[in-house]
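*Asks:* only the shape, not the letters, is given here:
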(Lines give C-alpha, C1' and ligand atoms only; values in the text may rest on other atoms or scores of the structure.)
Protein backbone atom coordinates (compact mmCIF):
# COMPACT_ATOMS: atom_id res chain seq x y z
CA UNK A 1 0.00 0.00 0.00
CA UNK A 2 1.10 3.57 -0.73
CA UNK A 3 0.75 5.19 2.70
CA UNK A 4 2.50 2.50 4.76
CA UNK A 5 5.50 2.88 2.44
CA UNK A 6 5.70 6.52 3.46
CA UNK A 7 5.16 5.76 7.13
CA UNK A 8 8.00 3.20 7.18
CA UNK A 9 10.39 5.92 6.14
CA UNK A 10 9.13 8.75 8.36
CA UNK A 11 11.97 8.59 10.82
CA UNK A 12 14.78 8.12 8.38
CA UNK A 13 17.15 11.07 8.21
CA UNK A 14 18.14 10.99 4.55
CA UNK A 15 17.11 13.80 2.20
CA UNK A 16 15.03 11.58 -0.09
CA UNK A 17 12.83 10.45 2.79
CA UNK A 18 12.38 14.01 4.04
CA UNK A 19 11.21 14.98 0.56
CA UNK A 20 8.81 12.01 0.51
CA UNK A 21 7.36 13.09 3.87
CA UNK A 22 6.86 16.64 2.60
CA UNK A 23 5.17 15.29 -0.53
CA UNK A 24 2.93 13.05 1.54
CA UNK A 25 1.82 15.94 3.74
CA UNK A 26 1.13 18.12 0.73
CA UNK A 27 -0.76 15.32 -1.03
CA UNK A 28 -2.83 14.83 2.11
CA UNK A 29 -3.54 18.56 2.18
CA UNK A 30 -4.50 18.52 -1.49
CA UNK A 31 -6.75 15.51 -0.97
CA UNK A 32 -8.47 17.14 2.01
CA UNK A 33 -9.02 20.37 0.12
CA UNK A 34 -10.51 18.49 -2.82
CA UNK A 35 -12.78 16.50 -0.50
CA UNK A 36 -13.85 19.70 1.21
CA UNK A 37 -14.43 21.34 -2.18
CA UNK A 38 -18.14 20.61 -1.97
CA UNK A 39 -18.43 23.36 0.63
CA UNK A 40 -17.45 27.00 0.38
CA UNK A 41 -13.76 27.18 1.15
CA UNK A 42 -12.54 29.78 3.62
CA UNK A 43 -10.01 32.33 2.48
CA UNK A 44 -6.54 31.40 3.71
CA UNK A 45 -4.74 34.19 5.57
CA UNK A 46 -2.38 36.11 3.30
CA UNK A 47 -4.39 35.41 0.15
CA UNK A 48 -6.04 38.49 -1.35
CA UNK A 49 -9.48 38.09 -2.91
CA UNK A 50 -10.02 39.81 -6.24
CA UNK A 51 -13.65 40.63 -6.97
CA UNK A 52 -15.24 40.64 -10.42
CA UNK A 53 -14.53 44.02 -12.00
CA UNK A 54 -11.01 44.31 -10.55
CA UNK A 55 -9.07 42.19 -13.05
CA UNK A 56 -8.65 44.85 -15.75
CA UNK A 57 -6.60 46.98 -13.37
CA UNK A 58 -4.42 44.01 -12.49
CA UNK A 59 -3.69 43.20 -16.13
CA UNK A 60 -2.02 46.58 -16.55
CA UNK A 61 0.55 45.34 -14.04
CA UNK A 62 3.07 43.17 -15.88
CA UNK A 63 4.02 41.64 -12.55
CA UNK A 64 0.81 39.57 -12.28
CA UNK A 65 0.79 36.09 -13.80
CA UNK A 66 -2.64 34.53 -14.37
CA UNK A 67 -3.04 30.83 -13.62
CA UNK A 68 -6.10 28.88 -14.72
CA UNK A 69 -6.31 25.92 -12.37
CA UNK A 70 -9.16 24.15 -14.14
CA UNK A 71 -8.89 20.83 -15.97
CA UNK A 72 -7.60 20.63 -19.57
CA UNK A 73 -11.19 19.91 -20.70
CA UNK A 74 -12.42 23.10 -19.05
CA UNK A 75 -9.44 24.97 -20.53
CA UNK A 76 -10.70 23.99 -24.01
CA UNK A 77 -13.95 25.89 -23.36
CA UNK A 78 -12.07 29.19 -23.18
CA UNK A 79 -9.45 30.87 -21.07
CA UNK A 80 -8.06 34.29 -20.25
CA UNK A 81 -5.50 35.37 -22.84
CA UNK A 82 -1.99 34.75 -21.53
CA UNK A 83 -3.11 32.50 -18.67
CA UNK A 84 -1.10 29.41 -17.78
CA UNK A 85 -2.90 26.10 -17.24
CA UNK A 86 -1.95 24.36 -13.99
CA UNK A 87 -4.65 21.81 -13.15
CA UNK A 88 -5.30 21.58 -9.41
CA UNK A 89 -6.73 18.08 -9.86
CA UNK A 90 -3.55 16.81 -11.51
CA UNK A 91 -1.76 14.42 -9.09
CA UNK A 92 1.49 16.23 -9.93
CA UNK A 93 0.10 19.69 -9.01
CA UNK A 94 2.91 20.27 -6.51
CA UNK A 95 5.52 19.40 -9.12
CA UNK A 96 3.83 21.73 -11.62
CA UNK A 97 4.00 24.72 -9.27
CA UNK A 98 7.48 23.92 -7.93
CA UNK A 99 9.42 25.73 -10.69
CA UNK A 100 7.35 28.93 -10.30
CA UNK A 101 8.98 31.98 -8.70
CA UNK A 102 7.66 32.15 -5.14
CA UNK A 103 8.13 35.94 -5.03
CA UNK A 104 6.00 36.56 -8.14
CA UNK A 105 2.35 37.64 -7.87
CA UNK A 106 -0.15 35.07 -9.19
CA UNK A 107 -3.85 35.53 -9.92
CA UNK A 108 -5.68 32.19 -9.71
CA UNK A 109 -9.08 31.45 -11.19
CA UNK A 110 -11.31 28.45 -11.87
CA UNK A 111 -14.91 27.74 -12.85
CA UNK A 112 -16.60 28.79 -9.58
CA UNK A 113 -13.86 30.10 -7.28
CA UNK A 114 -13.61 27.10 -4.96
CA UNK A 115 -10.63 25.36 -6.56
CA UNK A 116 -8.74 28.62 -6.96
CA UNK A 117 -9.12 29.21 -3.22
CA UNK A 118 -7.85 25.67 -2.52
CA UNK A 119 -4.91 26.15 -4.86
CA UNK A 120 -4.13 29.50 -3.22
CA UNK A 121 -4.04 27.81 0.16
CA UNK A 122 -1.69 25.08 -1.07
CA UNK A 123 0.58 27.56 -2.82
CA UNK A 124 0.76 29.68 0.30
CA UNK A 125 1.65 26.61 2.37
CA UNK A 126 4.61 25.83 0.11
CA UNK A 127 5.98 29.37 0.29
CA UNK A 128 4.37 31.54 -2.38
CA UNK A 129 4.32 35.10 -1.10
CA UNK A 130 1.69 36.85 -3.21
CA UNK A 131 -1.47 35.01 -4.25
CA UNK A 132 -4.59 36.70 -5.63
CA UNK A 133 -7.77 34.60 -5.69
CA UNK A 134 -10.43 35.57 -8.22
CA UNK A 135 -13.74 35.13 -6.41
CA UNK A 136 -15.96 35.26 -9.48
CA UNK A 137 -16.78 32.57 -12.00
CA UNK A 138 -15.03 31.52 -15.18
CA UNK A 139 -17.73 33.24 -17.23
CA UNK A 140 -17.23 36.50 -15.32
CA UNK A 141 -13.48 36.61 -15.78
CA UNK A 142 -13.79 35.73 -19.47
CA UNK A 143 -16.32 38.56 -19.98
CA UNK A 144 -14.18 40.94 -17.95
CA UNK A 145 -11.00 40.21 -19.88
CA UNK A 146 -12.52 39.86 -23.36
CA UNK A 147 -10.47 42.08 -25.64
CA UNK A 148 -8.00 42.97 -22.90
CA UNK A 149 -4.37 42.03 -23.21
CA UNK A 150 -1.63 42.10 -20.68
CA UNK A 151 0.53 45.12 -21.47
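*Replies:* Structure's in. What do you need? Keep in mind the model is a prediction, meaning the values are calculated, not measured.
*Asks:* so where is the chain shaky, pLDDT-wise?
*Replies:* 1-17, 28, 30-45, 61, 147-151 (pLDDT under 70).
*Asks:* how about the strands in it?
*Replies:* Secondary structure of the chain, counting by DSSP state E: strands at 47-50, 64-68, 84-85, 105-109, 130-134.
*Asks:* elements contacting the second one?
*Replies:* Spelled out, that is strand 64-68. In terms of contacts (3 or more Cβ pairs under 8 Å, 6 or more residues apart in numbering; DSSP states H and E), strand 64-68 is packed against strand 84-85, strand 105-109. C-betas here are computed from N, CA, C, even on glycine.
*Asks:* about what we covered before: can I get the strands of the chain in CSV including mean neighbour count and distance to residue 99?
*Replies:* Formatted as CSV, these follow (neighbours: other Cβ atoms under 10 Å; distance: least, Cβ to Cβ, whole Å):
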stretch, mean neighbour count, distance to residue 99
strand 47-50, 17, 21
strand 64-68, 22, 13
strand 84-85, 14, 11
strand 105-109, 24, 13
strand 130-134, 23, 16
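*Asks:* can you redo those as a markdown table with distance to residue 18?
*Replies:* A markdown table is the format used below for the strands of the chain (distance: least, Cβ to Cβ, whole Å):
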| stretch | distance to residue 18 |
| --- | --- |
| strand 47-50 | 27 |
| strand 64-68 | 28 |
| strand 84-85 | 29 |
| strand 105-109 | 26 |
| strand 130-134 | 25 |
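*Asks:* quick one, which of these is nearest to residue 117?
*Replies:* Closest to residue 117 of the strands of the chain is strand 130-134 (Cβ to Cβ; 5.3 Å).
*Asks:* centre-most residue in this structure?
*Replies:* Nearest to the geometric centre of the chain sits residue 119, at 3.0 Å (Cα atoms, centre = their mean).
*Asks:* hang on, isn't that one packed against residue 108?
*Replies:* Yes: using Cβ atoms under 8 Å, residue 119 is in contact with residue 108, at 5.3 Å.
*Asks:* which neighbours do these two share?
*Replies:* Taking Cβ atoms under 8 Å, 6 or more residues apart in numbering as the contact rule, residue 119 and residue 108 both touch 67, 69.
*Asks:* quick check: residue 24 vs residue 50, distance?
*Replies:* Look at residue 24 and residue 50: by Cβ to Cβ, to the nearest Å, they are 32 Å apart.
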